[in-house]
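Peer 1: The sequence and its predicted three-dimensional model are supplied below.
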Amino acid sequence: MSEQNGKVIIITGGASGIGKETALQLSDLGATIVIADYNEEGARKLASEIEAGGGTAGAYKVDVSKGDEIKALIDWTVEKYGTLSGIFNNAGIGLVKPFLEMDPESYHRVIDVDQHSVYYGMYYGAKKMVELNVQGTIVNTASIYGSIAAVGSFNYNAAKAAVVMMSKSGALELAEHGIRVVGVAPGFIDTPILGDDKAMKDALATQHMRGELIQPEKVASVVTFLFSDAASAVNGSTIAVDDGFLSFKTK
């Protein structure tokens, strides 16, 4: 399949989880992928895997909480591959603490990665697309907790709610340049970040309509669609990929 031939797409947090699965899917469709991650070893391993399968991929170590590093990532991508068609601002972390223990350091640690990095990716990515006259696509990872609150996650809730609004506002301001901005809001995804506590994972799974954790490739398939021409009328929206989490609760 060649739907994404000629496109160059950056994926932050691309070495694992949703980012990794998205990289594999977009590569299968012909896109050149830049896997940007603080885990340089993981990024290089995935890039090698993609290239061994006949695709084109590069790896780049980045601390997404630093705007100058995001700018350097985007400049490097264009220097190496000649253009920038899209960016998936996906990198994120969590840090659970009760609000009265949510000291400024804990608050800003999550805000800097989960919120500010999305702004940096949107800002520097869009400026480069306009400079290159590219009508590209920006996809941002929000969360179910950008819409409702979770105990112990004041920082995460705030960051993800901001991502939802940044996607709307960015889409509005960049529409005149032909740049789309959209988001995805995953539910509980079956990745190593959930740990090995089976009872805890089972409890999270029951909060989905079908009682199962969501596999990362299911979210990746939505992201891949959003980068496609078939999604050209989707703009400013954040798509819930939550197996109904936001639509019901038994308690």
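Peer 2: Yep, that arrived.
Peer 1: Strands of the stretch 151-251 of the chain, start to end?
Peer 2: Secondary structure of the stretch 151-251 of the chain (DSSP state E, counting those that start in this stretch): strands located at 180-186, 238-241.
Peer 1: Pro216 is nearest to which of those?
Peer 2: strand 180-186 (8.6 Å; Cβ to Cβ). Quick note: C-beta positions are derived from backbone N, CA and C, even for glycine.
Peer 1: if you count residues, which helix in this protein comes out on top?
Peer 2: For the chain, the longest helix by residue count, based on DSSP state H, is helix 154-174.
Peer 1: what pLDDT, on average, does that one get?
Peer 2: Confidence for helix 154-174, expressed as mean pLDDT, is 98.
Peer 1: what does that helix rub up against?
Peer 2: For helix 154-174, the surrounding residues in contact (Cβ atoms under 8 Å, 6 or more residues apart in numbering) are 92, 94-95, 99, 102, 106-107, 109-111, 114-115, 118-119, 122, 126, 138, 140-143, 145-147, 149-150, 180-183, 185, 235-238.
Peer 1: So among those, which ones count as buried?
Peer 2: The neighbour count (16 or more other Cβ atoms under 10 Å) marks 92, 94-95, 102, 107, 110-111, 114-115, 118-119, 122, 126, 138, 140-143, 145-147, 180-183, 185, 235-238 as buried among the contacts of helix 154-174.
Peer 1: Contacts only, for Gly94.
Peer 2: Gly94 neighbours (Cβ under 8 Å, 6+ apart): 110, 153, 156, 193.
Peer 1: again but with Ile10, I slipped
Peer 2: Taking Cβ under 8 Å, 6+ apart as the test, what Ile10 contacts is 33-34, 36, 73-74, 77, 84, 86-88, 121, 125.
Peer 1: Alright, calling it a day.
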